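# when you get a sec, could you give me coordinates for this:
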Amino acid sequence: MKILFISNSFWNLYNFRKNLIFTISKRNEVFLIGNKDKYKTKFTKKKNINIFVTSLYKNNLSFLNDLKYLILILKYIKKNKFRNIVSFTIKPNLMSLIISRILSIPTIVTVSGLGTLYLRYKFLFKCYLLVLKFLINRNVIIFFHNKEDKLIFKKNNLLKKIAHSKIVFGSGIDFEKFKYSKKNFKKNNFVFIGRLIKDKGIDELLDIIPDIKKKYPNVKFKIIGQIDKNNPRTINQKRLFSLAKKGLIEYDGFKSDLRNDYKKATCLILPSYREGLSKTLMEGMTTGLPIITTNVPGCADLAKKSGAGLIVQLKNRTSLKKQIQNFIHFSISKKKVMSINAHKYAKKNFDEKRIIKKYINALK
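Predicted coordinates:
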């Protein structure tokens, strides 16, 4: 059986879906579509996996580019006669639904988060929902990463025509890779991991770090993440580098392997404006990291239900500063309990193998 996976990059497919792809490729011929990047080579030598490179504009609208992209994929699909399509991220999801409508191909769409489109462009988001209402059909299954996103689709009558919908814990966690590690809670080592765009709450965090460092000189802050120069929501690089130069933060840039950073940290901070379901929080919790995160979809439930986190109000610097200080003052024994709670909740809910099984069952 031929199965097509579509995403906006091979980085996305490798970092979030590689084990799903490798598992399915054992019994099926798998085809991957994504923008060219170095992660393409991670798939090229694998048996039963084929690569098709495209050039999709991820962060902005370009009718001509998007139309070319759609036509290119349609030709590719007609040539290879795929049995199923599985797509991730907003634009590839939209393209997959168009193809499903035109060619009546069973399609699994993953809504991993409504992101900047929902947060910043309300009119465009409404247009997006109207387009979905026309495109969604009985050949479509939708996987959501949180209940709030599913509720938005339900309120807009987008789930009546589809074959099925499910809520899953993101892309899951590979427990063979991410394991529990004891933390040195005599220290306060905070880490932020994520794309360095405003919607991750990084500006609010950088604003309060100088005050916290002044009051608690031994507290450490590490920032890990890629500066997305092409994203209109990217952060002020000069300020980031200035804070690092002054010794107020440690900046490590992008990292492909975060296990050592999770091990050395004692608390993970993510004051995001909205998530599908934060992979960073899930990985950190699996290793036993307490979390400080925002009262928004994709973040709040992980902190509230696990007993492993503190909640801050959206875009509220005072709230964020207060919770960081609260964590600093917690006893070592309380931090250890939070650490154990984080790992227990992760082991109960985040198993990647369960989520892979749900995709396989949906494909059947």
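# mind giving me the packing neighbours of the worst-scoring helix or strand of the chain on mean pLDDT?
Here the helix or strand of the chain ranked lowest by mean pLDDT, DSSP states H and E is helix 115-120, holding a mean of 74. Contact here means 3 or more Cβ pairs under 8 Å, 6 or more residues apart in numbering; DSSP states H and E; on that basis helix 115-120 packs against helix 122-135. Just so you know, the C-beta spots here come from the backbone N, C-alpha and C atoms, and that holds for glycine as well.
# the helix it packs on: which residues count as buried?
125, 128-129, 132, 135 (16 or more other Cβ atoms under 10 Å).
# ok so, going back, with just CA atoms, put the least confident helix or strand of the chain into PDB.
The C-alpha trace of helix 115-120 is given here as PDB (Å, rounded to 0.1, in the frame of the first residue of the first chain):
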ATOM      1  CA  GLY A 115      -0.900  28.800  16.100                       C
ATOM      2  CA  THR A 116      -0.300  32.300  14.700                       C
ATOM      3  CA  LEU A 117      -3.300  32.100  12.300                       C
ATOM      4  CA  TYR A 118      -5.700  31.800  15.300                       C
ATOM      5  CA  LEU A 119      -3.800  34.300  17.500                       C
ATOM      6  CA  ARG A 120      -3.000  37.100  15.100                       C
END
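# got the contact list for that helix?
90, 124-125, 128, 152, 199, 233, 273-274, 276 (Cβ atoms under 8 Å, 6 or more residues apart in numbering).
# and these, which is the shakiest by pLDDT?
Least confident by pLDDT among the contacts of helix 115-120: that is residue 124, with 84.
# okay, now the residue lying closest to it once chain neighbours are set aside: neighbour count?
Setting aside the residues directly before and after it, residue 124 is nearest to residue 117 in space (Cβ to Cβ, 6 or more residues apart in numbering), at 6.2 Å. Residue 117: 15 surrounding residues under other Cβ atoms under 10 Å.
# can you start the count at 639 instead of 1 from here on
Okay, residue one is now 639; in that scheme the one you just asked about reads as residue 755.
# quick one: residue 755 from residue 728, how far?
Here residue 755 is placed at a distance of 6 Å from residue 728 (Cβ to Cβ, to the nearest Å).
# find residues that contact each of these two.
Common neighbours of residue 755 and residue 728, counting by Cβ under 8 Å, 6+ apart, are residue 766.
# quick revisit: any chance of a markdown table for the buried residues of helix 760-773, columns distance to residue 866?
Formatted as a markdown table, the buried residues of helix 760-773 follow (distance: Cβ to Cβ, whole Å):
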| residue | distance to residue 866 |
| --- | --- |
| 763 | 21 |
| 766 | 21 |
| 767 | 26 |
| 770 | 26 |
| 773 | 28 |
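# just these now: which is nearest residue 821?
residue 763 (39.8 Å; Cβ to Cβ).
# residues in contact with residue 875?
residue 865.
# and the pLDDT for it?
For residue 875, pLDDT reads 89.
# go on, residue 786?
92.
# same check on residue 698?
pLDDT, residue 698: 60.
# what two of the contacts of helix 753-758 are the furthest from one another?
790 and 871 (21.0 Å).
# give me the low-pLDDT residue ranges for the chain?
Of all residues in the chain, those with pLDDT under 70 make up the ranges 695-700.
# domain map for it?
Domain ranges of the chain: 640-805, 827-987, per automatic domain parsing.
# let's have those domains in CSV, adding distance to residue 1000.
Below are the domains of the chain laid out as CSV (distance: least, Cβ to Cβ, whole Å):
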stretch, distance to residue 1000
domain 640-805, 5
domain 827-987, 18
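# closest one to residue 999 among the ones you listed?
domain 640-805 (9.7 Å).
# tell me which element residue 842 falls in.
Using DSSP states H and E, residue 842 maps to helix 840-853.
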